[in-house]
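Enquirer: Please work out how this folds:
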Amino acid sequence: MNLEILTPERKLFSGDVYGVQLPGISGLFEVLDKHAPLVSALKAGKMKVLKDKSNHVVYYNIQGGFVEVLNNKVTVLVEGAEEAN
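Expert: Numbers count the residues shown, from 1 in each chain. So this is what the prediction gives:
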């Protein structure tokens with residue numbers, strides 16, 4: 001599936017991933033390939049990007065925002081984000 005992480009200033013990430021774990025306002029949730037359509041609010045926290053099935057993982061610290069899942073594309077719109085080490 002395709003993932004885009006967008007802030008008001010720039011596109012932080014765009015590419016194919018295996019899945020993504022997000023800090024929703026009601027708790028963490030995960031979106032995997034062929035997920036049903038979804039729109040959710042996000043709170044500040046750590047977002048986990050699963051690049052492939054071999055546990056290649058990247059973390060991002062994000063501020064509040066929204067996520068949309070539609071047609072196997074995940075769009076994360078956040079106030080701010082940076083890659084966590």
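Enquirer: residues touching Leu3, list them.
Expert: For Leu3, the contacting residues are 13-17, 20, 49, 73-74, 76, by Cβ atoms under 8 Å, 6 or more residues apart in numbering. Heads up, the C-betas are built off the backbone N, CA and C, glycines and all.
Enquirer: gap between it and Ser40?
Expert: Distance, Leu3 to Ser40, by Cβ to Cβ, to the nearest Å: 15 Å.
Enquirer: Most distant residue from the centre of the chain?
Expert: The centre of the chain is farthest from one residue, Ser54, which by Cα atoms, centre = their mean lies 18.4 Å away.
Enquirer: and that one, backbone torsions?
Expert: phi -90, psi 20 (degrees, to the nearest 10).
Enquirer: Can you say which of the contacts of Leu3 are buried?
Expert: The neighbour count (16 or more other Cβ atoms under 10 Å) marks 13, 17, 20, 49, 74, 76 as buried among the contacts of Leu3.
Enquirer: Quick check, the last one in contact with Leu22.
Expert: Read it as Val76. Yes: under the criterion of Cβ atoms under 8 Å, Val76 makes contact with Leu22 at 7.2 Å.
Enquirer: Can you work out which residues contact both of those two?
Expert: 42, 47, 67.
Enquirer: Alright, I will stop here.
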